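Novice: Kindly generate the corresponding structure for this input.
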Amino acid sequence: MSSIVIPKSLNRKSLINFWESATQPIYWFYEKQLFDKVKLTGALPNHIGIIMDGNRRFAKTIGLDVKAGHNYGASKAREVLDWCLELDIKHVTLWGFSTENKGRKPEEVSHLHSLFAQQARDLLKDERLHRNKVKVRVIGDINDFPEDTKEALSKMEEATKDYDGMHLNIALGYGGREEILGAVKQLLLEKTEQGKTLEQISAELCAEDVQRFLYTAGIPDPDFVIRTSGEVRLSGFLLWQTAYSEFYFCDAFWPSFRKLDFLRAIRSYQERNRRFGK
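Specialist: Here you go, the predicted structure:
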């Protein structure tokens with residue numbers, strides 16, 4: 001193989017661009033090899049959860065407004081959805097906005113609301129969504145979202161409710177503690193409406209009862225959870241459902257998360273021996 005010859009008179013930006021273009025064929029070849037390996041030689045997760053973290057830090061690193069970071073992050077989510085479709089992942093949960101995120105600066109939250117609405121409209125027009133029969137559900141508390149955002153999200157859910165391909169959950173206004181608390185409240189209301197006493201409810205209560213009222217009721221718990229940005233914690237993501245999930249923490253900020261990073265994460269999952277406490 002001939003070596004790469006770097007021109008002598010290049011400034012820093014040009015040198016970076018030159019290096020990326022020169023190494024692109026090598027990157028593509030390695031990515032293709034890794035894709036074939038994970039697709040053909042190991043068990044794939046049935047349900048992947050992704051904590052999409054690092055939009056703001058990505059933007060600050062390259063000198064952009066945080067709103068631009070969220071825009072890049074939204075585009076990355078569409079890319080990752082394509083990668084999951086290529087691997088025939090049946091269930092995907094993307095966490096895009098937490099209950100704590102509601103406390104950020106009003107202008108940032110407002111931008112995110114508008115971004116969610118636009119992404120819902122764009123996704124609804126995306127032929128890949130319909131060709132692959134992707135059923136989209138929003139999980140979380142969006143009652144305080146603007147009406148136009150709630151309407152756009154509702155239309156996306158309604159248009160895909162009968163699809164039976166991939167199940168895509170988009171977690172917005174989501175908090176794990178709030179989800180569990182809400183499930184318990186609904187369970188207690190159901191039991192009291194049936195005339196049960198507190199003593200009877202306590203005696204009969206089991207995990208399956210609570211699970212019926214979780215946002216993810218009816219779909220399998222995540223096998224695998226990926227978090228970007230280098231943070232090594234769940235921050236409340238699917239607290240109940242991730243009891244036996246495998247975890248992978250990637251240093252890349254979410255907008256910088258490459259297909260190669262994704263495939264390396266899947267390969268890591270395939271190399272593990274899942275014992276479920278046994």
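Novice: Low-confidence stretches in the protein?
Specialist: The model of the chain has pLDDT under 70 over residues 1-24, 278.
Novice: Assign a three-state SS to the residue nearest in space to the middle of it, would you?
Specialist: Geometric centre of the chain, nearest residue: L94, 2.0 Å, by Cα atoms, centre = their mean. Following DSSP: H, G, I helix; E, B strand; the rest coil, L94 is assigned to strand.
Novice: Then G173?
Specialist: strand.
Novice: In this structure it contacts W95, no?
Specialist: No - contact criterion Cβ atoms under 8 Å: G173 and W95 do not qualify, at 10.7 Å. Yep, even glycine has a C-beta here, placed from its N, CA and C like the rest.
Novice: Tell me which other helices or strands the helix or strand encompassing F116 touches.
Specialist: If you go by DSSP states H and E, F116 is part of helix 106-125. Counting contacts by 3 or more Cβ pairs under 8 Å, 6 or more residues apart in numbering; DSSP states H and E, helix 106-125 is packed against helix 66-86, strand 91-98, helix 147-160.
Novice: Can you tell me which of those is most buried?
Specialist: strand 91-98 (a mean of 22; mean count of other Cβ atoms under 10 Å).
Novice: Report the distance from that one to the chain centre.
Specialist: Remark: strand 91-98 is offset 4 Å from the chain centroid, using Cα atoms, centre = their mean, to the nearest Å.
Novice: So which other helices or strands are in contact with that strand?
Specialist: Secondary-structure packing of strand 91-98 (3+ Cβ pairs under 8 Å, 6+ apart): strand 47-51, helix 66-86, helix 106-125, strand 167-174.
Novice: doesn't K60 make contact with F253?
Specialist: No - the pair F253 / K60 is not scored as a contact, 9.8 Å apart, by Cβ under 8 Å.
Novice: which of these two has more neighbours?
Specialist: Comparing F253 with K60 by other Cβ atoms under 10 Å, the one with more neighbours is F253, at 25 against 13.
Novice: From G69, how far out is the residue nearest to that one when sequence neighbours are not counted?
Specialist: Leaving aside its sequence neighbours, F253 sits nearest to G54 (Cβ to Cβ, 6 or more residues apart in numbering; 3.2 Å). Applying Cβ to Cβ, to the nearest Å, one obtains 8 Å for the distance of G54 from G69.
Novice: Now for those two: what residues contact both?
Specialist: Common contact partners of G54 and G69 (Cβ atoms under 8 Å, 6 or more residues apart in numbering): P255.
Novice: For stretch 130-141, buried residues please.
Specialist: Judged by neighbour count (16 or more other Cβ atoms under 10 Å), stretch 130-141 contains these buried residues: N132, V134, K135, V136, R137, V138, I139, G140, D141.
Novice: Contact partners for the last one?
Specialist: D141 is in contact with T99, G173, Y174, G175, E178, G182, counting by Cβ under 8 Å, 6+ apart.
Novice: can you count the residues close to the last one?
Specialist: Neighbour count for G182, taken as other Cβ under 10 Å: 15.
Novice: And for the second one?
Specialist: Residues contacting G173 under the criterion other Cβ under 10 Å number 20.
Novice: Phi first, then psi, for D36.
Specialist: The phi and psi values for D36, taken as degrees, to the nearest 10, are phi -60, psi -40.
Novice: For burial, what's the neighbour tally of it?
Specialist: 11.
Novice: check contacts around it.
Specialist: If you count contacts by Cβ under 8 Å, 6+ apart, then D36 has nothing around it.
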